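Trainee: Structure for this input, please:
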Amino acid sequence: MNSYYYYDDTSMLLALVLFYVIFLFIMLAYSVVAYIFTAKGLHTVARRRGIERPWLAWVPVGNYWIMGSISDQYRYVTRGKVSNNRKILLWLSVASFAIAMLMVVLSMCVSASIISGRT
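Mentor: Numbers count the residues shown, from 1 in each chain. The predicted model follows:
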């Protein structure tokens, strides 16, 4: 057998895992930078618009409250209508976060059952 074309499964698995870890690290770095820019921008807008508790822009679910407050304020100034977008956005973000966590837990349970051999 020609050793040039020979490879074992462990080296291929190691290469895939290494690629996956590098990819995850790059995506994590990008996500952190994007989150910082978004939070800083929301904090600045909330502070300039006089919205209460502008520090909520830095909280993962609280930033939706700030976005809704900005939307409510804009709608009131432009159309004279009072709306509750801040409450709607807050509860939608809480619900989507809960569903995402449920999916993570379910996928981990399914993976564990497949690995253990109980399909």
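Trainee: Which pLDDT value belongs to Val104?
Mentor: If you check Val104, the pLDDT there is 91.
Trainee: Do a quick rundown of the helices in the protein.
Mentor: 9-49, 62-79, 85-116 (DSSP state H).
Trainee: As JSON lines, the ones you listed with mean neighbour count and distance to Leu56 would be great.
Mentor: (Glycine included, C-beta is placed from N, CA and C.) Listed next are the helices of the chain as JSON lines, based on neighbours: other Cβ atoms under 10 Å; distance: least, Cβ to Cβ, whole Å:
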{"stretch": "helix 9-49", "mean neighbour count": "11", "distance to Leu56": "8"}
{"stretch": "helix 62-79", "mean neighbour count": "17", "distance to Leu56": "3"}
{"stretch": "helix 85-116", "mean neighbour count": "12", "distance to Leu56": "10"}
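Trainee: Can I get the ones you listed in a markdown table including distance to Trp55?
Mentor: Shown next, in a markdown table, are the helices of the chain (distance: least, Cβ to Cβ, whole Å):
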| stretch | distance to Trp55 |
| --- | --- |
| helix 9-49 | 7 |
| helix 62-79 | 8 |
| helix 85-116 | 15 |
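Trainee: helices and strands around the helix or strand of the chain with the lowest mean pLDDT, which ones?
Mentor: Within the chain, confidence by mean pLDDT, DSSP states H and E is lowest for helix 62-79 among all helices and strands, at a mean of 84. With contacts defined as 3 or more Cβ pairs under 8 Å, 6 or more residues apart in numbering; DSSP states H and E, helix 62-79 has these neighbours: helix 9-49, helix 85-116.
Trainee: starting at the chain centroid, how far to that helix?
Mentor: Once both centres are worked out by Cα atoms, centre = their mean, to the nearest Å, helix 62-79 turns out to sit 22 Å from its chain's centre.
Trainee: try stretch 56-66
Mentor: Mean-position distance between stretch 56-66 and its chain equals 13 Å (Cα atoms, centre = their mean).
Trainee: Other residues contacting that stretch?
Mentor: By Cβ atoms under 8 Å, 6 or more residues apart in numbering, the surrounding residues in contact with stretch 56-66 are 38-40, 42-43, 45-46, 51, 53-54, 86, 89-90, 92-94, 97.
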